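>>> Prediction below, plus the sequence it came from.
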Amino acid sequence: MARNWWQVLLRGVISIAAGLLVFAYPAQAIKVVVLLFALYVLTDSLLGLLSARQRPAASGALLGLWFLLGVFVAIHTFYRPDTTTRVLLLLVAAWAVYTGVMQLLTALRLRRVLAGEWTMLAAGSASIVLGLVMLFSPASAITTVRWLIAGYAVLLGVLLLILSLQLRQLRRLPIAP
């Protein structure tokens, strides 16, 4: 990784740019996020393909497959951002409802042996409510998710920048036998 520190730096810069664009253009944020998602997937896939050249054949083949999948997802997202937005929202909503139901069922089974099962009941209920809000009020869910994604993207970018500088320093250290 130390040899490719600049790839981590590039990912960090792209992540920060994505987050700042979402903060700067809240009205267009979802379209921006979806298109930046496509750009990120494409860039990440290309960088993965570059890494594949330096790997053994088996992991190189997996990275090549990752590249092809990333290119497909990026192209689809560029041409059909509305579909990608709806699919991502539905997947997250379904995941939240499913997770909530599983937590409720687990809490009901554990109430005989666990005194604080109410926390799992509350967590399961919160997950179900989140999923239902996302299904029946997607605009409010998208607004909330937009700010979370922007904050996450900036934080991730800063952490990747720091990591890239650490990797760059590591590259200069002599390698122990």
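Yep, it's here.
>>> Would you mark the buried spots in the lengthiest helix in the chain?
Ranked by number of residues, the top helix in the chain under DSSP state H is helix 138-172. Buried residues in helix 138-172, counted by 16 or more other C-beta atoms under 10 Å: 138, 141-142, 145-146, 149-150, 153-154, 156-157, 160-161, 163-164, 167. From N, CA and C alone the C-beta is placed, and that goes for glycine too.
>>> now do stretch 28-35
Buried residues in stretch 28-35, defined by neighbour count with 16+ other C-beta under 10 Å: 29, 30, 32, 33, 34, 35.
>>> quick one: average pLDDT of that stretch?
Averaged over stretch 28-35, pLDDT sits at 75.
>>> Mind jotting down where the strands sit in this structure?
For the chain, applying DSSP state E gives no strands.
>>> dump the residue contacts of the residue lying closest to residue 6 once chain neighbours are set aside.
In this structure, residue 6 finds its nearest non-sequential neighbour in residue 164, 7.0 Å apart by C-beta to C-beta, 6 or more residues apart in numbering. Applying C-beta atoms under 8 Å, 6 or more residues apart in numbering to residue 164 gives the contacts 5, 6, 8, 9, 12.
>>> And the pLDDT for residue 164?
We have a pLDDT of 87 for residue 164.
>>> ditto for residue 73
Note on residue 73: pLDDT of 84.
>>> Can you verify my assumption that it contacts residue 40?
No - counting by C-beta atoms under 8 Å, residue 40 is not a contact partner of residue 73; they are 10.3 Å apart.
>>> Of the two, give the one with the bigger neighbour count.
Neighbour tally, residue 73 and residue 40, criterion other C-beta atoms under 10 Å: the higher count belongs to residue 40, 20 against 16.
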